[in-house]
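**Q** Have a look; sequence and predicted model below, questions after that.
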Amino acid sequence: MIKVKTLQKFQTDLQCGMSIDEACRKHKISFKYACDNIPKIKPKPIRNKGQGTNFAAQYIQERNGKYFLRKQINGKTRMFGTYHCLKDAVRMREYCKEHGWKQKSIDKYCSELGIKRVISSKNKVRYH
């Protein structure tokens, strides 16, 4: 029997764009086994300020295959980058929790973590 951590890593690889065939070979599992067991693995929900929140989705929104890290600060929604996969967005969120939610430091944080953000003219962070 395959360990739960292996299936979680398998799922993360798929979310980051790895093909099913590559992920199956990497983790030495069959596609049938993955299909039968992946739905059983779900992140444990946590409570945040009285609201039900999924831990993986806290401050993160997915749209068109990209993951946006957003947080409300002093009543205003602030953007902290757009990421190619959920894993990178979660890593950045955890880093911001530890080192501070500083918009101007996101590029520095990305270089320290080795994360590449999605950069386009529509989502560049503007400072006031």
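**A** Everything's here; your move. Quantities reported herein were computed from a predicted structural model and do not represent experimental measurements. Residues are numbered from 1 along each chain as shown.
**Q** separation between the residue nearest the centre of the chain and Asn74?
**A** Taking Cα atoms, centre = their mean, the centroid of the chain lies closest to Leu86, which sits 2.4 Å from it. Distance, Leu86 to Asn74, using Cβ to Cβ, to the nearest Å: 27 Å. The way it works is simple: take the backbone N, C-alpha and C, and place the C-beta from them, glycine included.
**Q** and Phe80, how many neighbours?
**A** Counted with other Cβ atoms under 10 Å, residues neighbouring Phe80 total 24.
**Q** wait, is it part of a helix?
**A** No - under DSSP: H, G, I helix; E, B strand; the rest coil, Phe80 sits outside any helix and is assigned strand.
**Q** how much space is there between it and Gln58?
**A** For Phe80 relative to Gln58 (Cβ to Cβ), the value is 12 Å.
**Q** what touches both of the two?
**A** Counting by Cβ atoms under 8 Å, 6 or more residues apart in numbering, the residues touching both Phe80 and Gln58 are Arg93.
**Q** circling back to that earlier point, now the residue nearest to the centre of the chain. Nearest residue, chain neighbours left out?
**A** Gln15 (4.8 Å; Cβ to Cβ, 6 or more residues apart in numbering).
**Q** got the contact list for the one you found?
**A** Per Cβ under 8 Å, 6+ apart, neighbours of Gln15: 85-87.
**Q** between these, which is nearest Lys26?
**A** The closest of those to Lys26 turns out to be Lys87 (Cβ to Cβ; 14.7 Å).
**Q** quick one: what helix or strand has that closest one in it?
**A** helix 86-99 (DSSP states H and E).
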